[in-house]
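K.L.:
3D model of this:
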Amino acid sequence: MLYDLEFKGGSRGRVLRVYIDKTDGGATIDDCAEVSRGLSLLLDVEDIIPGARYELEVSTPGIERVLRTPWHFELAVKKLIRLKTSAPAPLPEGMTAKGPIRSVDGTLISVNDKEVSLVDRQDRTWTIPFEIIHRGKVIFEDGAGRPKSQRGK
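P.N.:
Predicted structure coming up:
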């Protein structure tokens, strides 16, 4: 399945990045090669990207995948995620903070068309509206349930 697309252009050339995945597990390198061959042929024959040359890259979104759309978040329910916000995150009920909080880590528990909810390590439930989510990504945990950045600690 198509997970995401990016098209970036600049003075050094243009790049079309296509991210694929499988619902029953991660896509393989053979899957990426097959999609790349078929898509490259289609793009060349149909001249969908006119003008100067471009580079086509096909890969998986990876373990620590970016979460851009509500659908991406739905696929990440029950996973540990990190959200960066463009405005201060609404605090969980009863919580106070010395300053604005713009980054929240927690297990994603629900998603709807307006917001996501996650539970942090202190068992607080955060509800963050999509309109202030700047960036989201899945955080890979090692076997001990720690984010990879905390291994060996």
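
K.L.:
low-confidence ranges in this protein?
P.N.:
11, 52, 143-153 (pLDDT under 70).

K.L.:
show me how it divides into domains.
P.N.:
2-59, 70-147 (automatic domain parsing).

K.L.:
make a markdown table from the ones you listed and add mean neighbour count to it.
P.N.:
From N, CA and C alone the C-beta is placed, and that goes for glycine too. A markdown table is the format used below for the domains of the chain (neighbours: other C-beta atoms under 10 Å):
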| stretch | mean neighbour count |
| --- | --- |
| domain 2-59 | 12 |
| domain 70-147 | 15 |
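
K.L.:
where's the residue nearest to the spatial centre of the chain relative to Asp123, distance?
P.N.:
Among the residues of the chain, Val66 comes closest to the average C-alpha position under C-alpha atoms, centre = their mean, at 1.6 Å. Using C-beta to C-beta, to the nearest Å, we find Val66 at a distance of 27 Å from Asp123.

K.L.:
could you do Pro129 as well?
P.N.:
Taking C-beta to C-beta, one finds Pro129 at 22 Å from Asp123.

K.L.:
repeat for Gly13
P.N.:
48 Å.

K.L.:
quick one on the thing from earlier: my read: the residue nearest to the centre of the chain touches Ile139, true?
P.N.:
No - using C-beta atoms under 8 Å, Val66 makes no contact with Ile139, being 11.8 Å away.

K.L.:
helices of the protein, start to end?
P.N.:
Ranges of helices within the chain are 29-46, 70-75, based on DSSP state H.

K.L.:
give me the contacts around the last one.
P.N.:
The reference is to helix 70-75. Helix 70-75 has contacts (C-beta atoms under 8 Å, 6 or more residues apart in numbering) with 3-4, 65-67, 81, 108, 111-113, 116, 130, 136.
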